[in-house]
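Asker: coords please:
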Amino acid sequence: MTVQEHPFPRVELLMNTFADWLRHRRELSEIRQMDTADFDRIASDLRVSPGVLDTLVRQGPHAADELPKMLKVLGIDEADLARTQPLVLRDMERVCALCANKRECDRDLAAGTAAEHYEGYCLNAPTIDSLERPVKQ
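Answerer: Residues are numbered from 1 along each chain as shown. Coordinates of the predicted model:
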């Protein structure tokens, strides 16, 4: 008889989700305790306003998780984009993180229909459409 590596996957998922939430709350607390001048300097270094940086921090580390999935569906190599146009990718991540259409995006990605519909709601659509993609044979 083999011992199950993950005997209670739902409990483990719940615990991991709570741990992620707790880690994010600690990070928020650290940011809130930061000197305003330091926070503003970081925002300036990132070329965003302090308000946008605050929003991005509150969104958490998974705020742009849809972008790599969308790029893959559309045949765009994220690693290649990161190497050749890192500032474009960073801006796309920012736009994705601040997006209000996550539900529609997630639904289309799950249904496999994102390639057909993304232009109707994705704020990155103009940038995506301007990127060179491999020609399908």
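
Asker: Please count neighbours and contacts with C-alpha atoms only from this point.
Answerer: Will do.

Asker: tell me the domain boundaries of this structure?
Answerer: Following automatic domain parsing, the chain resolves into domains at 9-61, 62-132.

Asker: Run the chain-centre distance for the longest one.
Answerer: Averaging C-alpha coordinates over domain 62-132 and over its chain gives two centres that are 9 Å apart (Cα atoms, centre = their mean, to the nearest Å).

Asker: Please apply the same query to the shortest one.
Answerer: The gap between where domain 9-61 is centred and where its chain is centred comes out at 13 Å by Cα atoms, centre = their mean.

Asker: What sits closest to residue 92 if chain neighbours are left out?
Answerer: residue 124 (6.2 Å; Cα to Cα, 6 or more residues apart in numbering).

Asker: typo on my end, residue 69
Answerer: Nearest to residue 69 is residue 109, by Cα to Cα, 6+ apart, at 7.4 Å.

Asker: now what about the helix or strand where residue 11 lies, what contacts it?
Answerer: Per DSSP states H and E, residue 11 falls inside helix 9-33. For helix 9-33, the external contacting residues (Cα atoms under 8 Å, 6 or more residues apart in numbering) are 6, 39, 57-58, 60.

Asker: Sitting in helices, which of those do you find?
Answerer: Using DSSP state H, the subset of the contacts of helix 9-33 located in helices is 39, 57-58.
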